[in-house]
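> heads up, no residue letters with this:
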Ligand SMILES: O=C(O)CCC(=O)C(=O)O
Ligand SMILES: [Fe+2]
């Protein structure tokens with residue numbers, strides 16, 4: 001089958017028809033349910049992560065334990081103003097509200113990394129996600145966080161940042177629109193997955209929940225903390241940290257009433273460079289758990305669309 005992109009979900013949502021079978025989620029990882037417990041996700045004051053003070057050390061320890069347990073945190077004092085974040089949300093909303101013909105001017109093809117378009121369809125058996133997407137490429141790297149992650153493990157501060165710094169990586173921004181879905185009991189906004197990035201920054205919808213994260217085999221709802229960024233470890237940081245940091249499994253549930261708009265920014269090492277566990281994190285007590293590899297993103301997409309966890313391909 002030729003690789004193609006799926007049609008806009010927004011069109012299906014307004015048609016009022018029953019969603020096609022290919023959107024019905026048939027995989028594992030438990031029933032779809034939007035009423036799980038709320039996860040207690042640590043709040044981290046990101047302005048303290050660069051401070052060489054007792055408060056700074058304490059925040060670094062909080063960061064380390066958050067990334068080693070749930071693999072994510074709610075970042076506050078991140079330097080982006082609330083009015084800017086509201087504007088980002090508003091612009092995304094305006095874009096998705098444009099007539100289809102206007103949005104299609106920005107359509108992406110399977111090869112493009114930017115533009116309006118959906119999941120690549122790699123096989124007829126693939127379950128499709130109830131979401132429409134707009135992809136952009138940014139050039140700013142989150143130096144502060146990647147350096148703080150290394151310092152929290154008492155290793156050289158460039159250990160993670162080196163792999164993703166300017167010219168060696170990208171920040172891909174993806175606006176996600178989840179239209180109301182007539183069958184939230186059968187259909188997911190995004191299938192269970194962990195991210196293929198080093199780290200991901202998520203600006204959640206201001207009012208509509210939907211993200212769930214798995215911890216110890218149980219799904220939890222991610223609460224909305226206004227203007228915080230939900231920051232999670234991706235597979236590449238789990239690999240580089242030799243498993244010290246966990247790339248959490250997560251999914252998005254839909255609802256029948258309201259649309260939800262989020263912005264995910266993925267910080268991704270350049271595909272040509274080799275990533276692997278940092279030497280300082282390998283010891284007799286903690287053997288190397290992952291292989292060194294290049295082109296992780298390609299490996300990622302092959303496995304993801306088949307419903308497999310890509311990081312398993314990296315395990316020794
Ligand atoms: O929209 C969300 O809440 C999460 C999206 C997500 O997990 C992703 O785009 O990888
Ligand atoms: Fe994700």
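Great, that's in hand. Just so it is clear, the structure is predicted and the values come from calculations on it, not from any experiment. Ligands and ions are numbered 1, 2, ... in the order given.
> low pLDDT regions in the protein?
By pLDDT under 70, the weakly predicted segments of the chain are 1-5, 28-30, 138-141, 166-168.
> tell me, how many neighbours does residue 52 end up with?
7 (other Cβ atoms under 10 Å). C-betas here are computed from N, CA, C, even on glycine.
> in the protein, which spans are helices?
9-15, 54-69, 82-97, 100-104, 143-152, 161-164, 235-240, 296-304 (DSSP state H).
> deepest of those helices, which one?
Ranked by mean neighbour count, those are led by helix 235-240 with a mean of 27 (mean count of other Cβ atoms under 10 Å).
> re earlier: quick one: closest of the helices of the chain to residue 267.
Taking Cβ to Cβ, helix 161-164 is the member of these nearest to residue 267, at 5.7 Å.
> now residue 185: how far from ligand 1?
19 Å (Cβ to the nearest ligand atom, to the nearest Å).
> ok, back up a step: in JSON lines, list the helices of the chain along with distance to ligand 1.
What follows is the helices of the chain, written out as JSON lines (distance: least, Cβ to the nearest ligand atom, whole Å):
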{"stretch": "helix 9-15", "distance to ligand 1": "13"}
{"stretch": "helix 54-69", "distance to ligand 1": "17"}
{"stretch": "helix 82-97", "distance to ligand 1": "11"}
{"stretch": "helix 100-104", "distance to ligand 1": "19"}
{"stretch": "helix 143-152", "distance to ligand 1": "17"}
{"stretch": "helix 161-164", "distance to ligand 1": "17"}
{"stretch": "helix 235-240", "distance to ligand 1": "12"}
{"stretch": "helix 296-304", "distance to ligand 1": "10"}
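> wait, which of the ones you listed is closest to residue 252?
helix 9-15 (12.3 Å).
> elements contacting that closest one?
strand 169-178 (3 or more Cβ pairs under 8 Å, 6 or more residues apart in numbering; DSSP states H and E).
> could you pick out the residues of the stretch 101-250 of the chain near ligand 1 for me?
174, 176, 190, 195, 202, 210, 211, 250 (Cβ under 6 Å from any ligand atom).
> quick revisit: how about the helices of the chain in CSV, adding distance to residue 180?
Converted to CSV, the helices of the chain look like this (distance: least, Cβ to Cβ, whole Å):
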stretch, distance to residue 180
helix 9-15, 6
helix 54-69, 33
helix 82-97, 13
helix 100-104, 17
helix 143-152, 34
helix 161-164, 36
helix 235-240, 31
helix 296-304, 25
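> now, the residues of the stretch 101-250 of the chain next to ligand 1 that are in strands?
Using DSSP state E, 174, 176, 190, 202, 211, 250 are the members of those that sit in strands.
> between those, which is closest to ligand 1?
Comparing these against ligand 1 with Cβ to the nearest ligand atom places residue 211 closest, at 3.7 Å.
> give the contact list for the nearest residue to that closest one once chain neighbours are set aside.
Closest residue to residue 211 apart from its sequence neighbours, by Cβ to Cβ, 6 or more residues apart in numbering: residue 222 at 4.2 Å. Residue 222 sits next to 38, 39, 41, 204, 209, 211, 212, 213, 230, 250 when contact means Cβ atoms under 8 Å, 6 or more residues apart in numbering.
> if any of these are buried, put those into a ChimeraX selection.
Buried members of the contacts of residue 222, defined by 16 or more other Cβ atoms under 10 Å, are picked up in ChimeraX with:
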select :39,41,204,209,211,212,213,230,250
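> circling back to that earlier point, the helices of the chain: which one's closest to residue 110?
helix 296-304 (11.0 Å).
> show me the contact partners of that closest one.
So helix 296-304 is contacted by 120, 122, 193, 196, 235-236, 239, 268-269, 271, 275, 293, 309-310, 312-314 (Cβ under 8 Å, 6+ apart).
> could you do stretch 254-262 as well?
34, 89, 92-93, 96, 130, 175-184, 187-189, 202-205, 207-211.
> now swap in stretch 62-74 and tell me
With contact meaning Cβ under 8 Å, 6+ apart, stretch 62-74 is reached by 39, 41-44, 49, 148-149, 152-153, 213, 215, 225, 228-233, 237-238, 241, 244-248.
> how about the contacts made by residue 201?
Residue 201 makes contacts with 75, 142, 229, 230, 231, 264, 265, 267, as judged by Cβ under 8 Å, 6+ apart.
> re earlier: which one of the helices of the chain lies nearest to residue 113?
Proximity to residue 113, assessed across the helices of the chain by Cβ to Cβ, is greatest for helix 296-304 (10.3 Å).
> list the contacts of whichever residue of the stretch 1-150 of the chain sits closest to ligand 1.
Residue of the stretch 1-150 of the chain nearest ligand 1, by Cβ to the nearest ligand atom: residue 131 (7.6 Å). Taking Cβ under 8 Å, 6+ apart, we find residue 131 in contact with 9, 118, 176, 177, 178, 189, 190, 252.
> out of those residues, who's the most crowded?
residue 178 leads the contacts of residue 131 on contacts (other Cβ under 10 Å) with 27 neighbours.
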